[in-house]
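In: below: sequence and its predicted model.
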Amino acid sequence: MPLPLRAQTSAVGIVGPTTASTSQTLTFRLMNGNQQLAPDSWRQLYNPDRYTGNEYVSSFDLQLQPNADGSLTATARYPGRYKIAAIQGGQQYTAAVVVPPAQPPVKMKGLSFVMSGVVNRTYAPSAIALASHIGADWAQVEANVCMDLNSPGVY
């Protein structure tokens, strides 16, 4: 089991799981050292409409339930990376939890490599070696050529 997440470098931060499964009940607490704080509010964070960063968060909604003791209970119905925030006294503290799919994605079956320009005889063996190394069952190596049939002497 992974260690609880402390999202901030200061003494104040959200403590809770970093990974979970779908429909698992998750509990998050805003902590100042060993003391639990009661934030003004909890909310889920999403990517902005004009997203320009490199931190992905899911657009699926978490089911959030603030508790009387100041903690938050959350449940993810779908896999994704979710980010939550606790707001206290005008400060926002954030944490993320990853909910992987119950079944891993389909195993990669093959890769397609495309060459253009001058044919490189070492490209095909290196492409096949790469495909084999990462577990692919097959590799397609394609060489694209272009013939100009309208210009004399080109073909």
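Out: Nice, thanks for sending it over.
In: got the domain ranges for this structure?
Out: 5-99, 110-144 (automatic domain parsing).
In: ends of the shortest one, how far apart?
Out: To tie it back to what came earlier, the one meant is domain 110-144. With C-alpha to C-alpha, to the nearest Å as the measure, domain 110-144 spans 19 Å from end to end.
In: chain center to it, what's the gap?
Out: 28 Å (C-alpha atoms, centre = their mean, to the nearest Å).
In: how about it: buried residues?
Out: Neighbour counts over domain 110-144 (16 or more other C-beta atoms under 10 Å) mark 111, 113, 124, 127-128, 131, 139, 141 as buried. C-beta coordinates here come from the backbone N, C-alpha and C atoms, glycine included.
In: tell me who's in contact with the closest residue to Ser59 other than its chain neighbours.
Out: Nearest residue to Ser59 in three dimensions, chain neighbours excluded: Tyr46, at 6.2 Å (C-beta to C-beta, 6 or more residues apart in numbering). Tyr46 sits next to 57, 59, 83 when contact means C-beta atoms under 8 Å, 6 or more residues apart in numbering.
In: nearest to Met31 among these?
Out: Lowest distance from Met31 to the contacts of Tyr46 (C-beta to C-beta) belongs to Lys83, with 17.7 Å.
In: and that closest one, how far from Glu142?
Out: 41 Å (C-beta to C-beta, to the nearest Å).
In: ok, now Asp61?
Out: 43 Å.
In: and for Thr122?
Out: According to C-beta to C-beta, Thr122 stands 16 Å off from Glu142.
In: likewise for Arg81?
Out: Per C-beta to C-beta, Arg81 is found 35 Å from Glu142.
In: and the pLDDT at Ala74?
Out: Listed pLDDT for Ala74 reads 97.
In: got a list of what it touches?
Out: Neighbour list for Ala74: 25-28, 62-65, 82, 84, 97 [criterion: C-beta under 8 Å, 6+ apart].
In: can you put those residues in a markdown table and add pLDDT, neighbour count and secondary structure?
Out: Below are these laid out as a markdown table (pLDDT from 0 to 100; neighbours: other C-beta atoms under 10 Å; DSSP: H, G, I helix; E, B strand; the rest coil):
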| residue | pLDDT | neighbour count | secondary structure |
| --- | --- | --- | --- |
| Thr25 | 96 | 10 | strand |
| Leu26 | 96 | 21 | strand |
| Thr27 | 97 | 14 | strand |
| Phe28 | 98 | 24 | strand |
| Leu62 | 94 | 22 | strand |
| Gln63 | 96 | 13 | strand |
| Leu64 | 97 | 15 | strand |
| Gln65 | 97 | 13 | strand |
| Tyr82 | 94 | 23 | strand |
| Ile84 | 96 | 23 | strand |
| Val97 | 95 | 22 | strand |
